[in-house]
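Undergrad: just coords:
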Ligand code: SF4
Ligand code: SF4
């Protein structure tokens, strides 16, 4: 049976067919749909699926299952791998028993990330095998092979995909077969206890495994050599798919080295290629991983071929590649003149559409409440990762810093140590609070940092598509779960001032904000209001004749449902969700519900 699937779904079906037993992860674009697909198609509940509180936890749960002989898979985006790097680095020395895939989605561009890091390089750093698909079909096939390699070598295997693989569609063959699970359970053995002396021995074993893997990968169907000539191209990941398209379009044949397993590098195959070459152009997004390996190997070739790529300025070192970009590079490499009509067409500029908080988003009210309460004070707003990073935009301008998950609370503490007279506020979402917020709260209490933490609790992981978390009362498998109360956690950490409020009740929210900031030592305000996307809209509002066109509503809030027409503010009732925030800022009560006046 064939189905039209995105790459993440193809990977999920690859795992289901391979008989995966346990799947864990933390949501993050562009990886999220993989775990969601497994949860959705796991109708008999045979596979255990969980959204874990963070990537480190997710990786450790998957590792535990693999210790017991299961096939496990953990999913995350590239920055999530930084959080999970501690257990991953050790796991390469300890190894696993069943089979384990670490699925990491990289984000060249980037579209929704703080870094353009390359997980292929991380795999090399961690001494782990890496698979790098060039299409959704190949990604599905690689899952099965990655489980096999993981089991045969007793190592976790990284399956790294990029945004265009994760999110592009392809017709994928689904077999409907599921390999039987063979988890035999945990067997006690000293190998599971990491000690320095064992680490030394395991390091030597690991180096031998890498050599063996390099030989195996030279014979793998995911790596290939094709074509004849003295000028060739090496390509990896989606860049290989783009190259094939360009070669078809230009109707050219040339030697191509395709690399689907960038680590350990398939050296025998690469040497066979290099020995025939005078010049090689390397096409790969993000880091020059293949380029560096080829350059190193080429030093032993006589004559030494010239390796062109990012390091020589022939390819861009940052950003996403495209068919057009590769066509230009290939034409330059082969001295093919781009015909006038083939020259890159300048597309007309799209109208600017800066990202904004949704109409009716409670975060807008939370930011506005604190901004109002701080008026006249010197204040720094430390932000965090989530929809609420958009508080950075005008007119709110309530995100002065944003570094990584959980960093708002701790950056605020560092700022406080240097500028104790400044009001230091840290905003964090509910999912991010569970992810990496709690240690920062404990640190603030332990070291008595005079900061105010504002938890924006909208009861979901909104930015990645509404995944559940420990505060939502449900699991990834749709089961009921205990609701972990953020207020109780914060109190248990020893915070002296903890108050919950509804940010859409503006007066009350401003009063709580003032009280929290006056408290000496760490204080926490939990603004509870559901994500606007998850509730039924209320009665939309409109602006009546009492409006004096002061523009305060537009100037202060930046709600996308409001716009100016003929010098007067208006509300687009199809966008307005009736949150009533604007009606509370209007000085003359001119904003009222459609179909009824308010006082
Ligand atoms: S705040 Fe009120 S009076 Fe001022 S522009 Fe908006 S609707 Fe009109
Ligand atoms: S009530 Fe006002 S602030 Fe809320 S969504 Fe409608 S226009 Fe925007």
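TA: Received, thanks. Just so it is clear, the structure is predicted and the values come from calculations on it, not from any experiment. Ligands and ions are numbered 1, 2, ... in the order given.
Undergrad: rest of the way, CA atoms for contacts and neighbours
TA: Noted.
Undergrad: so what's residue 182 up against?
TA: The contact partners of residue 182, taken as Cα atoms under 8 Å, 6 or more residues apart in numbering, are 69-70.
Undergrad: in three-state terms, label it for me.
TA: coil (DSSP: H, G, I helix; E, B strand; the rest coil).
Undergrad: quick check: phi and psi at it.
TA: phi -130, psi 30 (degrees, to the nearest 10).
Undergrad: if I pick the nearest residue to residue 4 once chain neighbours are set aside, what's in contact with it?
TA: Leaving aside its chain neighbours, residue 4 sits nearest to residue 171 (4.4 Å; criterion: Cα to Cα, 6 or more residues apart in numbering). With contact taken as Cα under 8 Å, 6+ apart, residue 171 is in contact with 2-5, 137.
Undergrad: hmm, which of the residues you listed are the buried ones?
TA: Buried members of the contacts of residue 171, counted by 16 or more other Cα atoms under 10 Å: 5, 137.
Undergrad: what's the closest of the contacts of residue 171 to residue 153?
TA: Nearest to residue 153 out of the contacts of residue 171 is residue 137 (Cα to Cα; 24.5 Å).
Undergrad: does anything pack onto the helix or strand containing that closest one? Which helices or strands?
TA: Secondary structure from DSSP states H and E places residue 137 in helix 136-153. Applying 3 or more Cα pairs under 8 Å, 6 or more residues apart in numbering; DSSP states H and E, we find helix 136-153 packed against helix 7-17, strand 99-106, strand 157-162, strand 169-173.
Undergrad: now the ones you listed in CSV, with mean pLDDT and distance to ligand 2?
TA: Putting the helices and strands packed on helix 136-153 into CSV (pLDDT from 0 to 100; distance: least, Cα to the nearest ligand atom, whole Å) gives the following:
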stretch, mean pLDDT, distance to ligand 2
helix 7-17, 97, 34
strand 99-106, 97, 34
strand 157-162, 97, 36
strand 169-173, 91, 35
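Undergrad: could you dump the ones you listed to TSV with distance to residue 83?
TA: TSV is the format used below for the helices and strands packed on helix 136-153 (distance: least, Cα to Cα, whole Å):
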stretch	distance to residue 83
helix 7-17	21
strand 99-106	12
strand 157-162	15
strand 169-173	30
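Undergrad: for this structure, what lies in contact range of ligand 2?
TA: The chain comes close to ligand 2 at residues 359-360, 540-541, 559, 561-562, 571, 576-582, as judged by Cα under 6 Å from any ligand atom.
Undergrad: if we go to 5 Å?
TA: Those residues of the chain that sit near ligand 2, judged by Cα under 5 Å from any ligand atom, are 359-360, 559, 561, 576-582.
Undergrad: give me the distance between residue 364 and residue 498.
TA: 21 Å (Cα to Cα, to the nearest Å).
Undergrad: one step back: name the nearest of the contacts of residue 171 relative to residue 374.
TA: Distance to residue 374 across the contacts of residue 171 (Cα to Cα) is lowest for residue 5, with 49.5 Å.
Undergrad: partners of the host helix or strand of that closest one in the sheet?
TA: Using DSSP H and E, residue 5 sits within strand 2-6. Sheet partners assigned to strand 2-6 using DSSP bridges are listed as strand 169-173 (antiparallel).
Undergrad: pLDDT (mean, whole number) over the host helix or strand of residue 413?
TA: Per DSSP H and E, residue 413 falls inside helix 407-418. The average pLDDT within helix 407-418 is 97.
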